[in-house]
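Undergrad: Sequence unavailable; structure follows:
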């Protein structure tokens, strides 16, 4: 959900927290995402296959989770901001029954080469408070008009 007003570099403080998001991906969402990215693996789409492979349930695709974290940044930086870099590390499997909390926090801001740079820490946790994904992002923000 995009911000209604553009955020400017001057408005950002190190330590700021972006609005938290919560999601529970449905089996249908996971299935459709798997089809869209041409990864129709049974571990993502077939609960019986997943259980026969030793998993408690189907697994939610990591890129589907990553897209939620990335969209937190792109929505927050607004139309005039630019996402320049993003990276993720998976820490544990996520299943469609998991309720996930996505968070982002500003860790640094500086001017470099004429660009207003903002760095972020990203995190996804399940309903038990276990970290499922950690990540980072770098974005450029405009300066407030004079």
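TA: Done, it's in. In this text the structure is predicted, and so the values were computed from the model without any measurement. Residues are numbered from 1 along each chain as shown.
Undergrad: what's the longest strand belonging to the chain packed up against?
TA: If you go by DSSP state E, the chain has its longest strand at strand 100-112. If contacts are counted by 3 or more CB pairs under 8 Å, 6 or more residues apart in numbering; DSSP states H and E, strand 100-112 sits against strand 21-23, helix 62-77, strand 115-125, strand 131-141. No exception for glycine: its C-beta is placed from N, CA and C like everyone else's.
Undergrad: For the third one, report the contacting residues that lie outside it.
TA: Counting contacts by CB atoms under 8 Å, 6 or more residues apart in numbering, the residues outside strand 115-125 that touch it are 9, 12, 18, 65, 68-69, 72-73, 77, 84, 86, 88, 94, 100-111, 131-143.
Undergrad: hang on, the earlier thing: tell me which of the helices and strands packed on strand 100-112 sits nearest to residue 52.
TA: The closest of those to residue 52 is helix 62-77. By CB to CB, the value is 21.7 Å.
Undergrad: as a whole number, average confidence for the closest one?
TA: Averaging pLDDT along helix 62-77 gives 92.
Undergrad: And that helix, what's buried?
TA: 64, 65, 66, 68, 69, 70, 72, 73, 74, 76, 77 (16 or more other CB atoms under 10 Å).
Undergrad: so the second one sits right up against residue 131, yeah?
TA: No - using CB atoms under 8 Å as the test, residue 65 is too far from residue 131 to be in contact (11.9 Å).
Undergrad: Count the neighbours of residue 120 for me.
TA: Neighbours of residue 120 under the rule other CB atoms under 10 Å: 24.
Undergrad: er, residue 125 I mean
TA: 19.
Undergrad: Filter the contacts of strand 115-125 down to the buried ones.
TA: 9, 12, 18, 65, 68-69, 72-73, 77, 86, 88, 94, 100, 102-104, 106, 109, 132-142.
Undergrad: mind listing what the nearest residue to residue 56 once chain neighbours are set aside touches?
TA: Spatial nearest neighbour of residue 56, chain neighbours left out: residue 95 (6.7 Å); criterion: CB to CB, 6 or more residues apart in numbering. If you count contacts by CB under 8 Å, 6+ apart, residue 95 has them with 56, 57, 58, 59, 60.
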